[in-house]
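K.L.:
3D model of this:
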Amino acid sequence: MRSKVKKGAERDALRVLKRSFRDTIAVEPVGVAERLGVQVREAEFDENILGGLFLKPEADPEIVLNRRHSFVRRRLTCAFEIGHYVHMSAKVNEYRRVDLYDEVGGELWSPTPSS
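P.N.:
Alright, predicted model coming up:
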């Protein structure tokens, strides 16, 4: 029996496919975000900030990436934030989260997101 988390992730992935793709599967996260109606931009943050997701009523959703990070890191962060967008946009109208990188443990973590 699959876990609730795995079922939810699969459901969210299918929602992305249905909303954003026709005949091909895109592998560029920024393009995927834009097809979903999410603006992606870059800003200069401290090194430990990977990026964030911001949803506000009556405003386009927005993913912000840290321009100090490598291209590959920004792509991964964008993909990560798309997952949060798909999951949260089905539940709430307002949401924000900032993802941080713990240099000591080398792990991705997020403070408790506000909604």
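
K.L.:
and the helix of greatest length in the chain, what's buried?
P.N.:
Criterion DSSP state H: the longest helix present in the chain is helix 71-89. Going by neighbour count (16 or more other C-beta atoms under 10 Å), the buried part of helix 71-89 is 74-82, 84-86, 88-89. Any C-beta I mention is one placed from the backbone N, CA and C, and that applies to glycine too.

K.L.:
quick one: low-confidence parts of this structure?
P.N.:
1-2, 20-27, 102-115 (pLDDT under 70).

K.L.:
only C-alpha atoms, please: export the longest helix of the chain in PDB.
P.N.:
C-alpha atoms of helix 71-89 as PDB (Å, rounded to 0.1, in the frame of the first residue of the first chain):
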ATOM      1  CA  PHE A  71      22.400  27.300 -13.000                       C
ATOM      2  CA  VAL A  72      21.900  23.700 -11.900                       C
ATOM      3  CA  ARG A  73      21.100  24.700  -8.300                       C
ATOM      4  CA  ARG A  74      18.600  27.300  -9.500                       C
ATOM      5  CA  ARG A  75      16.900  24.700 -11.800                       C
ATOM      6  CA  LEU A  76      16.600  22.300  -8.900                       C
ATOM      7  CA  THR A  77      15.200  25.000  -6.600                       C
ATOM      8  CA  CYS A  78      12.700  26.000  -9.200                       C
ATOM      9  CA  ALA A  79      11.500  22.400  -9.600                       C
ATOM     10  CA  PHE A  80      11.200  22.100  -5.800                       C
ATOM     11  CA  GLU A  81       9.100  25.300  -5.600                       C
ATOM     12  CA  ILE A  82       6.900  24.100  -8.500                       C
ATOM     13  CA  GLY A  83       6.000  21.100  -6.400                       C
ATOM     14  CA  HIS A  84       5.100  23.300  -3.400                       C
ATOM     15  CA  TYR A  85       3.100  25.600  -5.800                       C
ATOM     16  CA  VAL A  86       1.000  22.700  -7.200                       C
ATOM     17  CA  HIS A  87       0.400  21.300  -3.700                       C
ATOM     18  CA  MET A  88      -0.500  24.600  -2.000                       C
ATOM     19  CA  SER A  89      -2.300  26.400  -4.700                       C
END
